[in-house]
Structure formats: structure tokens, C-alpha cells
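1. Need the 3D shape of this:
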Amino acid sequence: MTGMKDSGRKGLLYFTAICFSLITLSLALFPKAGLVAARDGLAIFAEVVLPSLLPFFILSEILLGLGVVHFIGVFLEPLMRPVFNVPGVGAFALSMGLAAGYPMDAVITAKFRRLKLCTRIEGERLLAFTNTADPLFMFGAVAVGMFGYPELGVIIAVTHYLAAFTVGIGFRFYGIKEDRPAGKEEPASGHLLARALAEMRKAHQEDGRPLGQLLADAVKDSVSTLLMIGGFIVLFAVLYQVMEEAGVLRYILPAVAGGLKILGLNPELGSAVVKGFFEIDIGTMAAAKAAGALADRLVVAAAIIAWSGLSVLGQVMSVVHGTDLRVKPFIIARVLHAAVAGFYTYLALGIVKVPAALPAARTFTGGVINRWILSGQQLLVILAFLIGAGLFMRFLSGYRLVCRAGQQETPKGETARPKTKKIGGKKTSAGKHG
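-> Numbers count the residues shown, from 1 in each chain. This next block holds a predicted model:
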């Protein structure tokens, strides 16, 4: 068995070495195409990714150090645990992922695992459903900029998030036998706010860094992580362009087109699927510009956004490096998310009417300040909604416990005995007189 594993590792090593050698050779043969792709990737990183994500990266590090995330987790435990089988702090990763998009959730989940705020299985469950696109990308870039029809943003965003939550509910059963919490969980006691404040103070004391060091570490770690993400964006932009110049992709297209035909979709969208497999932006743009029915183009675009591309996969792999979180469950979740999002979009198009002819695509240029404002507003709304849902779940749980405590269990086969009371030294039945 060990020999087979060693042989498989050697084969993977040789295959990877050959692939990257061929990519390097292709880049030498097509330097101009590689240079243009690198410039485009750098432009996306510098103009969109860096200014949009840097403030949220820094703030998430500071909130973790101050214990605010632990404070929020106490309120959200009644929601996250029964629904997704993850700790309450997982709601923070979910909220930041929904507001800021890829790969914000992976960065926070990896931080949770390093701080022992979740087990390995819980971290992998979090990665499965918190990896989502931000609303501004779907409403602005895709619906307005690519399809030229703002109303489509509602369909794209709702189906995307519903599919993510569906995957999360499915993954709550993942690794149940394997999951072993690090410590014994103590039953919750005391006032909810008091417990939340206690958890916040405890987390801040365990962190132990003064505010100045916390700020410096937050900026340093955030910039380092974002530079690594930018490198992956450039790498996969160059990789796709070089493969297209070398003619490799045209050998893949027939198989992809055949698969689309089996699913009842336009085979002409095969090129968009291949592009989206590598990079989310160019794949979604190709789906929007392709010829064919709007329904088919939207289904493919929804699946590409949910899959998020090899570029995002590489970013997630880089940020979880150094933890024991496995990438295989994340890849399976991405495939499921793509399939479910495409299916939900197909169902939604059967309910919502959209025009057959769409206006020409418009250019969407969301300013940095606008992105910050919108993302901040979305984060506050999402957190408020999740905290409200958590408090509601806790109320229902407490009501259920009170009802159960008020009921007396009667052993099977026996009738309930009437209560007796002592009067004048004699026991009399509470249900009989005389």
C-alpha cells in the first residue's frame, strides 16, 4: 500500500514538472501574449482587488485580536451550530465572505484554525459554503457591465447565495464521525451578553498584543496575503493566455461542448466554460457575450461564478497553507455549488420574466470609495440579520427547554400516579376526597 502511494506521488511530481516546463516553454515562444496577460492581471489586482480587500483584511485581523469576533460568535452559536454544524464565530467568516467576496472567507477561516477556534472538520465545512462572490461584483460587473441589464443581478445573486447555503447545509453532515472537538464543550450558562463580553476579554488577554503591535501586524499580514493573491491572479491570467496561444484549449472544447449538449445547453458556450474554469472574470464575460438564448448564458455564468476558477482555488490553497485544512472537500464543494447555482438559476428563469433582447453591455467602473461603502453596508446588514436569527434560535431553544421541563415523563406501561399531600398526619390523594 505504501509503495502504491509513493508511486502515485512520484507520478504526480513528474506530471506537474512536465506541465510547468511546457508552460515555461510556451511563455518563451509567446512572450508578447504573456506580457499582455500579465499587465491585465496586474491591472485587475491594482485597480479592483487591492483597494477593495485591503481595508477588510486589516479590520478582520484587528477584530480578531481585540476579541470582537469571539463576542459575535456567542450570539451566533445558536444559529450556526444547528444549521451548519460550525461554531458561532463562523458567522464572521460568512459575513465577511458575503460582503467582500473571494477569498476573504478563506483568510478568516485559516486564521480561526490557527487560533484553534474551530476543528479541522469545522474549518473545512466553513470553506465549503462561505466562499462566495461579493454582491457588487454580481450586481455591478456581471449584471450591468457584462449583460447590460441590472435586473438580472437579483437572479444571479439570490441563486448564488441560496446555492451556497444549500451546500453548507449538506456539508453539516460531512466528517461527523471524524470530527473530534479539541476540548469538552461546557453547557452555556449565564446571561448571553455577559458571556459574550467574557469571551471577548478572554480572547484579548490570550492574544496579549498591545494596540500598536496589533495594528502593525494586521497591516503587515494583510499586505503580504494580498500580494500573494495578486501573484496568483497574474499567474493564471498568463497561463490561460499562453494555453490559448498554443492551441491547447481547442482540444478541450469538443468534450465540453458535448457535455453542454447533454445538459440541454447551447454547445457554443463551451468556450466560456473553459475560460471560466481558469478565471471567473473572463469566463463570465465570455458567457455574457456568447450567442444563444439568455437562459443558457445565465445558467453558465451562474455556474462559473460559483466555481470561481482555478485562480481563486490557488488563492485559497495559498492562504490555508500552514494549517491542516484539506483542499479536496473545498474542490468538491465548488463543483456542487456550481451545479446547484446553475440549477437554481434555471428554475428562477422559469418564474421571473426577462426580455429576450438585452441592451448592449455597458462599462461598470465602481469607484474604490463606493466599493468600501457598499461592502461596509452589506457587512453590517448581514451581521445584523445573522445576530437576529441567532437570538431568535436561542429564544426558541429556551422555550423548548422550558416546555420539556414542565412535562413529566411517565414510564412505558404505567399510569401517572396522583400527587398526595399530608393532612393531619394522613396522606390523601390530591385527586380524591372523602
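
2. Contact partners for residue 234?
-> By Cβ atoms under 8 Å, 6 or more residues apart in numbering, residue 234 lies in contact with 37, 38, 41, 42, 45. Placement of C-beta: from N, CA and C, glycine included.

3. Can I get the buried part of those as one ChimeraX selection?
-> Typed into ChimeraX, the line below selects the buried ones among the contacts of residue 234, using 16 or more other Cβ atoms under 10 Å:
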select :37,38,41,45
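
4. Tell me which of the contacts of residue 234 fall in helices.
-> 37, 38, 41, 42 (DSSP state H).

5. Now do the last one against residue 240, distance only.
-> The spacing between residue 42 and residue 240, counted by Cβ to Cβ, to the nearest Å, is 15 Å.

6. Same question for the first one.
-> Between residue 37 and residue 240 the distance, using Cβ to Cβ, works out to 7 Å.

7. what's the answer for the third one, then?
-> In this structure, residue 41 and residue 240 are 10 Å apart, going by Cβ to Cβ.

8. which stretches of this protein form strands?
-> 420-423, 426-429 (DSSP state E).

9. Could you pull up the mean pLDDT of the first one?
-> The pLDDT scores in strand 420-423 average 47.

10. just for the stretch 1-150 of the chain, where's the confidence low?
-> 1-6, 8 (pLDDT under 70).

11. Please disregard the earlier target; I meant the stretch 251-400 of the chain.
-> In the predicted model of the stretch 251-400 of the chain, residues 353-379, 382, 396-400 satisfy pLDDT under 70.

12. residue boundaries of the helices in the stretch 151-300 of the chain?
-> Using DSSP state H, counting those that start in this stretch, the helices found in the stretch 151-300 of the chain span residues 152-171, 192-207, 211-246, 253-262, 270-278, 280-289, 294-307.

13. Just send the ones you listed back as a markdown table, with distance to residue 323 too.
-> As requested, those are arranged in a markdown table below (distance: least, Cβ to Cβ, whole Å):
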| stretch | distance to residue 323 |
| --- | --- |
| helix 152-171 | 18 |
| helix 192-207 | 18 |
| helix 211-246 | 14 |
| helix 253-262 | 34 |
| helix 270-278 | 26 |
| helix 280-289 | 24 |
| helix 294-307 | 23 |
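
14. Nearest to residue 73, out of the ones you listed?
-> Proximity to residue 73, assessed across the helices of the stretch 151-300 of the chain by Cβ to Cβ, is greatest for helix 192-207 (7.1 Å).

15. Need the residues that contact that closest one.
-> 64-75, 188-189, 214, 391, 394.

16. now stretch 156-174
-> By Cβ under 8 Å, 6+ apart, stretch 156-174 touches 83-86, 98, 121, 124-125, 128-133, 135, 138-139, 142-143, 298, 301-302, 305-306, 329, 333, 336-337, 340-341, 343-345, 348.

17. distance of residue 194 from residue 201?
-> Taken as Cβ to Cβ, the span from residue 194 to residue 201 is 11 Å.

18. So what does the residue lying closest to residue 112 once chain neighbours are set aside look like in phi/psi?
-> When the adjacent residues along the chain are set aside, residue 112 lies closest to residue 118, with 4.9 Å between them (Cβ to Cβ, 6 or more residues apart in numbering). When read as degrees, to the nearest 10, the backbone of residue 118 gives phi -150, psi 160.

19. What residues does residue 118 make contact with?
-> Residue 118 touches 86, 87, 89, 90, 109, 112, 126, counting by Cβ under 8 Å, 6+ apart.

20. do that again at 10 Å, thanks
-> 86-87, 89-90, 93, 109, 112, 124-126, 181-182, 325 (Cβ atoms under 10 Å, 6 or more residues apart in numbering).

21. and the helices of the stretch 151-300 of the chain, which is most packed in?
-> Sort the helices of the stretch 151-300 of the chain by mean neighbour count, taking mean count of other Cβ atoms under 10 Å, and helix 294-307 sits at the top with a mean of 26.

22. returning to that earlier point: most neighbours of all the contacts of residue 118, which one?
-> residue 109 (35 neighbours; other Cβ atoms under 10 Å).

23. And residue 70, how close does it get to residue 256?
-> Distance, residue 70 to residue 256, using Cβ to Cβ: 46 Å.

24. Having no further points to raise, I will conclude here.
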